[in-house]
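1. Would you be able to build a 3D model of this:
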Amino acid sequence: MELAALVTWVITAGFGFFMLGTWISNGGARDTGSSHFPPPVVFGHFLLAAGGLILWIVYVFVDKTLLAWIAFADLIVVAGLGDVLVLRWMKDRRGSASTAAGSAAGKRSSGGTTTTQAVRLAEQRIPTPAVVLHGLFAVATVVLVLLSALEIGE
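-> Numbers count the residues shown, from 1 in each chain. Coordinates of the predicted model:
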């Protein structure tokens, strides 16, 4: 179970690192209005997840149950921060879809001129499959870490 959790955690981290890189490369970390994600939440999510992964690797080698529970607690905080980010991402995505629909309707009714310019936020450049797969592997990781901490499936 510990190794399965390690594998899912590494895969989750890979998707997370890709998303972080996409967000940063599109200006997300700058304070210029290019993102609705608060940088402390993004970097807190990343650093706590990376720290938890390091802790989990240590746990795999030393097999101390306390480390598994600390890693699980860390994951709960990481998941909470991730939920904040994904809810904001979904809200902005819905907002940009309705703005685009309104702009298209405005173009049809006003002869092609529109006053609304859709702003492409840095986080909206992250591909949806990456967000979904990151979330699915994250949930699997939390479950596997909990099962390992409970010493189920050993």
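
2. okay, CA-based contacts and neighbour counts for the rest of this
-> OK.

3. got the contact list for the residue most central in space within the chain?
-> Geometric centre of the chain, nearest residue: G82, 5.0 Å, by C-alpha atoms, centre = their mean. By C-alpha atoms under 8 Å, 6 or more residues apart in numbering, G82 lies in contact with H45.

4. Distance check, it against G52.
-> 14 Å (C-alpha to C-alpha, to the nearest Å).

5. so what's I57 closest to, chain neighbours aside?
-> What sits nearest to I57 in space, not counting adjacent residues and going by C-alpha to C-alpha, 6 or more residues apart in numbering, is L6, at 7.3 Å.

6. For the helix or strand where L136 lies, which residues meet the burial criterion?
-> Following DSSP states H and E, one finds L136 within helix 128-149. Applying a neighbour-count criterion of 16 or more other C-alpha atoms under 10 Å, one finds 130-131, 134-135, 137-142, 144-149 buried in helix 128-149.

7. Rank the helices and strands of this structure by mean pLDDT and give me the bottom one.
-> Taking mean pLDDT, DSSP states H and E as the measure, the helix or strand of the chain with the lowest value is helix 65-109, at a mean of 82.

8. Please tell me how far the residue nearest to I57 sits from H134.
-> 14 Å.

9. Tell me, how many residues neighbour the closest residue to A138 other than its chain neighbours?
-> Among residues not flanking A138 along the chain, T12 sits closest, at 5.8 Å (C-alpha to C-alpha, 6+ apart). For T12, the neighbour count with other C-alpha atoms under 10 Å is 23.
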